[in-house]
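Peer 1: Provide a 3D model corresponding to the input given below.
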Amino acid sequence: MGRKSTKENKNVYQTSREERNYSREAAAEKLGFLSADRIEKIENEKSLPHPEEVLAMADCYKNPSLCNYFCSHECPIGREYVPEIKVKELSQIILEMLATLNRLSHEKERLIEITVDGELSQDELPDFLKIKDELEKMALAIDSLNLWVDHTIASGKIDI
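Peer 2: The predicted structure is shown next:
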């Protein structure tokens with residue numbers, strides 16, 4: 001087994017590997033197509049990982065969050081369009097989702113009024129943008145719930 005890293009600012013790929021107690025060599029063996037040298041370059045940020053490498057590491061390290069991290073931080077398209085999803089407890093996710101649903105139920109009638117004519121007027125724009133923000137919060141809550149499920153499956157706590 002390799003020696004333990006004493007590096008202070010470890011990136012998410014290294015911390016995920018170390019949480020599984022894998023040396024770079026052991027991780028490379030489990031991954032099959034990544035060498036220990038390639039893993040070292042990724043962990044020391046000398047090279048960005050490729051999407052297929054992130055998928056494999058996420059599966060091997062049982063950390064689905066690596067995929068969201070890659071997309072929201074390292075992929076040029078994802079940085080623009082993919083929000084970072086934080087891992088949260090199920091109760092917090094559900095409460096955030098229900099709070100957003102409650103706010104949206106109050107805004108439902110207004111959204112119908114705004115969209116019934118198929119056009120968005122200047123006076124409707126502030127209300128529409130407010131509703132759009134609430135819908136984005138709901139989308140984040142749903143993504144967070146999906147990530148929680150993925151983590152729970154990866155950890156073996158549930159079996160689909």
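
Peer 1: poorly predicted segments of this protein, please.
Peer 2: 1-7 (pLDDT under 70).

Peer 1: any idea which residue sits dead centre in the chain?
Peer 2: N68 (3.1 Å; Cα atoms, centre = their mean).

Peer 1: give me the contacts around the helix or strand harbouring it.
Peer 2: N68 is part of helix 65-69 when elements are defined by DSSP states H and E. Residues outside helix 65-69 that contact it (Cβ atoms under 8 Å, 6 or more residues apart in numbering) are 12-13, 16, 54-55, 57-58, 82, 84-85, 87, 143, 147, 151. (Each C-beta comes from the backbone N, C-alpha and C, glycine too.)

Peer 1: go again using 7 Å as the cut-off
Peer 2: 12-13, 16, 54-55, 57-58, 84-85, 87, 147 (Cβ atoms under 7 Å, 6 or more residues apart in numbering).

Peer 1: and the residue of the chain most remote from its centre, backbone torsions?
Peer 2: The centre of the chain is farthest from one residue, D117, which by Cα atoms, centre = their mean lies 36.9 Å away. With angles defined as degrees, to the nearest 10, D117 sits at phi -90, psi 0.

Peer 1: with the one 3 residues further on instead?
Peer 2: In terms of degrees, to the nearest 10, the main-chain angles of L120 are phi -110, psi 110.

Peer 1: next one: K10
Peer 2: Dihedral angles (degrees, to the nearest 10) for K10: phi -80, psi 140.

Peer 1: next one: whichever strand or helix holds E107 to chain centre, how far?
Peer 2: Assigned by DSSP H and E, E107 falls within helix 90-115. Taking Cα atoms, centre = their mean, to the nearest Å, the mean C-alpha location of helix 90-115 is offset from the chain mean by 22 Å.

Peer 1: cool, thanks, talk later.
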